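Colleague: after the sequence you'll find the predicted model.
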Amino acid sequence: MASSPLSTYENSDASEVGAEEDLKFNDIQKSGKESQNVEGSEVEGATSKWSAFVKRFEFMQWKKKDISDDASLISRLKYSLLCPPHGPVATLFTWSLVIVTIWAASYVILGQVALPGKEVITVDIHGGTVFSILFLLVLAYLGGMFVALVKLPPLLGMLIVGILVNFVPYISVIGEGIDNKWSAALRSAALTIILLRAGLGLDPVALKKLSMMVFRLAFSPCIAESVIVAVASHYMLGFPWKWGFMLGFVLAAVSPAVVVPCLLSLQERGYGVAKGIPTLVIAAASMDDVLAISAFTILLGVTFTDGESTDIVSLVFKGPKEAVIGILWGIGWGLLMILFPPAVQNPQVNRQANPSPLMRSTLLVAGGLLALLGSAKADVPGAGALAVLTMGFVAGLGWRSQGWEDKNPVCDHLASLWLLFQPLLFGLIGTEIKISELDGSTVGRGIGVLVCGLSVRIVVSYLAVMGGNLTHKERFFISLAWLPKATVQAAVGPLALDLANKAIHDASPDKDMDFLEKQRVLGQQVLAIAVLVILITAPIGAVAVMTAGPKLLEKQSSDKTEGSEMKETESLEKGLKDSAKDE
């Protein structure tokens, strides 16, 4: 695992070193680890800037002030309001924030049930849902264990179990008994867990170095595949151009639910960490989804909205708006997670950082659920995943500066939750694959469209990550990691058909019913091809990533012990440097 990019922040108040002194000190190191020297210089420079910024607000910090035991009530009150938050005031605010956040998350999940009132509410739930979910959880877990025995990713077995419970006699009652709303809520919860784990694991130094590559990987393959799918579907399936591009953006979105767990597994074993490959792919995956969902939403609105009432400007700016909202919400909530619960509970007694891991985990997960489900309720669905990833990243930065390591108690809590939610997520994704909805006449040509799109996607993904220090093997691995499709296709695949059916149901007598019926047929074909792409790319992509990763990526040689020794060496070297300064 790479050393913490903010490990030098821990003693920033004690030593502030300028960029020029960093360069001089780096010249002393003769070990040959030039890349680590550059990285250390960048982080040290950032530390100096941050320390200079914080120094301007020393009058507001309790670290620079003491209070006696016999101080007046007014003095104690003023001291309790100093920053960073601490004491009874911070504790009261933390508990208030926990209650409000849990209530808000409950509202976006349960709706009117969470609102105040005393009238009787009728809740519509599919019979057998609890039974089906519990048995699916057990079967998916067993399926994952069985597949792991033959050295394949467990998620493949979980996905297959989800598909089988839909149509296998005697157990099909499990797949048929799951309520769609419950399934969507549980999949969103699982996606929240994995995105938070991904955000906490992002390497800020690698992300800064690879920022342009992240944008190229996020946008280039998505746009290229969408264009090729649009052209192929127009000539092979007879799709109108608008429907062709709509299908293109449905198929172009990569699946974080498949990609992120695979990348985290490789990252924990040290593969690709030295060059920031997991960070590159995870960060780009979220942006890729924002682009695909936003473009699909624009085309859906243009297709099913009357020309006179269509606000083209708002549709065009919907994607950038969602991206900005997601990033801002993530940054704001991440900053809250740094401050609350307070790292130092009572500075008068003990000034060592000792935050509550359980409270941090609760607030982070509840905030992630609120962002992911609330964004859909607020009609900005593309903002949710980006907000969750961003809040995890920002919170991780702040917690490192407070003394926590990359491997911290919140990461352990999320890893434990993932053991429960992983079989649920992939089992439920499998239940979304309806084999009965695959029309025979569409399957053959649909596979041809998929082959065209995926072939171009692999090539463009390879080209998008050129220009850095990646090898050919690493670029090819990134192309493979950019294949799996699942969650987005399962979520947006049926939308066009739903709107087409609604248009037919609400049609007035003067409407062109032949045109509406043609739209319904196109919607059925879009759904069938979306199911097909999940069925093909999710298992193949997962297996390709997990099996090719150890063969194509370099494994970081340093283990945890060596990482600890490196940090101790860095601390010793910093002490020697400070001594040289004093002399």
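Modeller: Perfect, thanks for sending it.
Colleague: for residue 502, give me the pLDDT.
Modeller: Predicted confidence (pLDDT) for residue 502: 79.
Colleague: apologies, that question was intended for residue 409.
Modeller: 94.
Colleague: helices or strands up against the host helix or strand of residue 521?
Modeller: Here residue 521 sits within helix 513-552, counting by DSSP states H and E. Counting contacts by 3 or more Cβ pairs under 8 Å, 6 or more residues apart in numbering; DSSP states H and E, helix 513-552 is packed against helix 154-164, helix 241-252, helix 256-268, helix 440-464, helix 472-481, helix 487-492, helix 495-505. Where C-beta positions appear, they are placed from N, C-alpha and C, glycine not excepted.
Colleague: what angle separates the third one from helix 513-552?
Modeller: With axes from the mean of the first three to the mean of the last three Cα atoms, to 10 degrees as the criterion, the two stretches helix 256-268 and helix 513-552 enclose an angle of 10 degrees.
Colleague: and for the fourth one?
Modeller: Orientation check (the same axes, to 10 degrees): helix 440-464 against helix 513-552 gives 50 degrees.
Colleague: contacts made by helix 440-464 with the rest, please.
Modeller: Under the criterion Cβ atoms under 8 Å, 6 or more residues apart in numbering, residues 213, 216-217, 220-221, 224-225, 228-229, 232-233, 236-237, 247-248, 251-252, 475-476, 478-480, 482-483, 525, 528-529, 532-533, 536-537 lie in contact with helix 440-464.
Colleague: list the buried residues of that helix.
Modeller: Using 16 or more other Cβ atoms under 10 Å as the test for burial, helix 440-464 gives 442, 445-446, 449-450, 452-454, 456-458, 460-462, 464.
Colleague: okay, angle between it and helix 472-481 too, please.
Modeller: Using the same axes, to 10 degrees, helix 440-464 lies at 150 degrees relative to helix 472-481.
Colleague: secondary structure class for the most centrally placed residue in the chain?
Modeller: Centroid-nearest residue in the chain: residue 195, 3.1 Å away (criterion: Cα atoms, centre = their mean). Following DSSP: H, G, I helix; E, B strand; the rest coil, residue 195 is assigned to helix.
Colleague: got it, and the one 3 residues further on?
Modeller: Following three-state DSSP, the label given to residue 198 is helix.
Colleague: now it: how far from residue 208?
Modeller: In this view, residue 198 and residue 208 are 17 Å apart by Cβ to Cβ, to the nearest Å.
Colleague: who has more neighbours, the two?
Modeller: Taking other Cβ atoms under 10 Å, residue 198 and residue 208 do not tie; residue 198 has more neighbours (28 against 14).
Colleague: give me the pLDDT for the more buried one.
Modeller: 85.
Colleague: contacting residues for it?
Modeller: Per Cβ under 8 Å, 6+ apart, neighbours of residue 198: 256, 260, 263, 264, 282, 389, 392.
Colleague: mind doing that once more with 6 Å?
Modeller: 260, 282 (Cβ atoms under 6 Å, 6 or more residues apart in numbering).
Colleague: could you shift the numbering so residue one becomes 347, and keep it that way?
Modeller: In the new count, where the first residue is 347, that last one comes out as residue 544.
Colleague: quick one: it from residue 625, how far?
Modeller: In terms of Cβ to Cβ, residue 544 sits 9 Å off from residue 625.
Colleague: what do you get for residue 644?
Modeller: Using Cβ to Cβ, residue 644 is found at 30 Å from residue 625.
Colleague: the two: which has the busier surroundings?
Modeller: residue 625 (26 against 20).
Colleague: give the helix, strand or coil label for the more buried one.
Modeller: helix.
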